[in-house]
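J.: Pasting the sequence and the predicted model now:
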Amino acid sequence: MTVAAVAAPSVAAPRVAFINPGYSSEPFWVGYSRFMQAVADDLGVELEIHYAERDFNRLLQLGRQVRDRQPDYLLFVNEIYAGPELLRIFENTPVRLFNVHSTLTASQRERTGNPRERYGNWIGSLIPDDERAGYLMGKALAAIKPEGPVEMLAFGGVPQTPSAQLRNLGLLRALDEHPDIRLRHLVNGEWSRQRAQAQARTLFERYPAVRLVWSANDEMALGAMEALRERGLQPGRDVHFSAANNSPEIFQARLAGEVEALTAGHFTLGGWALLLVHDYHLGRDFADSIGVDVRADVFRLLDEEQVIHLHRRLDVPRLQVDFRRYSHALHAERAGYPFDLSPLLDAPVQAR
């Protein structure tokens, strides 16, 4: 079933709601929303952002509140497997839904179908290649490990989150290629610094020979690093760490050599999804160019120069990027979307 986009380029600006599944104090999800707001400001999109505070019931309550206000679009994340319930809540409403960041699982899709099938107002999905992120970090740690057999600890995210599951699978794929790395334990750190620090205290005591620590995000890496310091050891010297995300604290750890494998880029996905929704609203259906179910290769391992540049680009009151230039509706000659960090890494840093 194909859903027609609005044909007239002079229609009113789209009204978009985003239910952010994270905490309103969580650096990653706050930065995620900030990037979305920058895109919305450039495109003239009316954007409202609601934080679910990692609470399943609150997330669904926000969904019902948004449904009752009936914006043009809802962007949602399949955090804690909430996607099918949100689709049901918005069934038979004029609100069009776009799934971003974490897609529905295969078992969920057996019930819901894919975008534009059973739920005709579910118009699309844009997610990062989380399996590749886990793989990149695993390979990078393998490249810097001491010679010979070595032991590893791994900290995964919330187990009910597809992105956490996929990053774990990426790590396991990398380890299959490096049998000299022995994974001692993969624990569910649940994206939490405090939880990972407490787990790491126990695990470092149990496995004192560990020399590699893989973490699926920055907060868990920072917690495990603090637990290592409590033992009088130094991250980056005695134990090598990986991390994902783009918080200022993890950037500083990368520049200090405490984290040696850092990947980032997925904080941009909400903004790129907003661009797709904007173009759809103006009559340029993204289905015609990239399809309705897109897995974007947004993750990049960052070297020190890229970390410095990206940190400077993000550490300003307003991102100095003209997102209108990437719109197919505004620039008919465009052939693709930059689902990566290139708009931030390639442009010069402007004065604050």
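T.: Arrived safely, thanks for sending.

J.: What sits closest to the residue positioned nearest the centre of the chain if chain neighbours are left out?
T.: Among the residues of the chain, the smallest C-alpha distance to the mean C-alpha position (Cα atoms, centre = their mean) belongs to H266, namely 3.8 Å. Excluding the flanking residues, the one nearest H266 by Cβ to Cβ, 6 or more residues apart in numbering is P128, at 4.1 Å. All C-beta spots, glycine's among them, are computed from the backbone N, C-alpha and C.

J.: Tell me how many other residues crowd the closest residue to G265 other than its chain neighbours.
T.: Leaving aside its chain neighbours, G265 sits nearest to V298 (4.0 Å; criterion: Cβ to Cβ, 6+ apart). Burial measure for V298: 24 neighbouring residues, criterion other Cβ atoms under 10 Å.

J.: And for V316?
T.: Applying other Cβ under 10 Å, we find 12 residues neighbouring V316.

J.: do E205 as well
T.: Using other Cβ under 10 Å, the number of residues around E205 comes to 10.

J.: Then K145?
T.: Each residue near K145 was counted by other Cβ under 10 Å, and the total is 18.

J.: residue boundaries of the strands in the stretch 101-250 of the chain?
T.: 122-128, 150-156, 181-188, 210-215, 240-244 (DSSP state E, counting those that start in this stretch).

J.: what angle sits between the longest one and strand 210-215?
T.: Taking axes from the mean of the first three to the mean of the last three Cα atoms, to 10 degrees, strand 181-188 and strand 210-215 form an angle of 40 degrees between their directions.

J.: Give me the mean pLDDT for strand 181-188.
T.: Strand 181-188 carries an average pLDDT of 98.

J.: Kindly report the same for the second one.
T.: In this model, strand 150-156 carries a mean pLDDT of 98.

J.: So for A40, which of the strands of the stretch 101-250 of the chain sits nearest?
T.: Shortest separation from A40 across the strands of the stretch 101-250 of the chain is recorded for strand 122-128, at 15.7 Å, computed as Cβ to Cβ.

J.: Now that closest one - C-alpha only, CSV.
T.: The C-alpha trace of strand 122-128 is given here as CSV (Å, rounded to 0.1, in the frame of the first residue of the first chain):
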residue,chain,number,x,y,z
TRP,A,122,3.3,4.4,9.4
ILE,A,123,5.2,6.0,6.5
GLY,A,124,8.8,5.1,7.1
SER,A,125,11.7,4.0,9.3
LEU,A,126,15.3,5.3,9.6
ILE,A,127,17.7,3.5,11.9
PRO,A,128,21.5,3.3,12.4
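
J.: for the helix or strand harbouring R88, packing partners?
T.: Here R88 is covered by helix 83-89, with elements defined by DSSP states H and E. With contacts defined as 3 or more Cβ pairs under 8 Å, 6 or more residues apart in numbering; DSSP states H and E, the secondary structure elements packing on helix 83-89 are helix 56-69, strand 73-76, strand 96-100, helix 106-112.

J.: mind running it again at 6 Å?
T.: Packed against helix 83-89, as judged by 3 or more Cβ pairs under 6 Å, 6 or more residues apart in numbering; DSSP states H and E, are the following elements: helix 56-69, helix 106-112.

J.: Would you convert those helices into JSON lines that also reports mean pLDDT and distance to D238?
T.: Conversion of the helices and strands packed on helix 83-89 to JSON lines gives the following (pLDDT from 0 to 100; distance: least, Cβ to Cβ, whole Å):
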{"stretch": "helix 56-69", "mean pLDDT": "97", "distance to D238": "39"}
{"stretch": "helix 106-112", "mean pLDDT": "94", "distance to D238": "41"}
